[in-house]
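Enquirer: with the input below, show me the fold.
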Amino acid sequence: MNVLFNLIVVVQVVSALAIIGLVLVQHGKGADMGAAFGSGASGSLFGASGSSNFLSKSTAVAAAIFFASTLGLAYFGSNRPHASVGGGVMENVTVPVKKAPAAGDAIPTTVPAPAAAPAVPAASVPAAPQDVPAPAAAPAPAPAK
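Expert: Next comes the predicted model:
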C-alpha cells in the first residue's frame, strides 16, 4: 500500500511539472509558435494544424492525470491510519516520567518566609512639620426645641 501511495505522489508531481511546462509553451491569441521561430504556420514544429491543438490536448490530458492523482491521494489519506501517513511533528514526542519521592526523601510542607525588610532607624525618618494648624472643631449642634 505504501508503494502505491508513493507512486501516486510521483505521478502527481510529474503531471504538475508537465502542466507548468505545457502552459508556458502555449502561445497567446496574437502569437503563433511558428511565427516565434520565423516561419509560417505550415512550417511549424507541430505541422500545418499549428501547435494549438497538440498543446491544448496535452495540457488537458496532464490536468486529468493531475486531478485523478489528487483524488487518489485524498482517498488514501482519509482511509489510512494517521500514524502510517506520518502525522505531525509532535506526534512521537515522549514526556519524561517524574519518579515518585522515596520514603526517606524530605518533602517540604511549608513555603519559606520571604526575607524581612531591613529596619530603618527612627532618626533617619523626618518628623512631621510642626507649623501645621490643628483642624478647626466643628460647631456643636443646636439643641432641639
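Enquirer: quick one: low-confidence parts of the protein?
Expert: Under the criterion of pLDDT under 70, the regions of the chain flagged as low confidence span 1, 28-52, 80-88, 101-109, 111-114, 117-138, 140, 145.
Enquirer: can you point me to the longest helix in it?
Expert: The single longest helix within the chain, with elements called by DSSP state H, is helix 51-79.
Enquirer: got the buried residues for that helix?
Expert: By neighbour count, and taking 16 or more other CB atoms under 10 Å as the criterion, the buried residues in helix 51-79 are 51, 55, 58-59, 62-63, 65-66, 69, 72, 76. All C-beta atoms are positioned from the backbone trio N, CA, C, and that covers glycine.
Enquirer: Val61 and Lys98: what is the separation?
Expert: In this view, Val61 and Lys98 are 61 Å apart by CB to CB, to the nearest Å.
Enquirer: same question for Ile20.
Expert: 54 Å.
Enquirer: these two: who's more crowded?
Expert: Between Ile20 and Lys98, Ile20 has the larger neighbour count (other CB atoms under 10 Å), namely 11 against 6.
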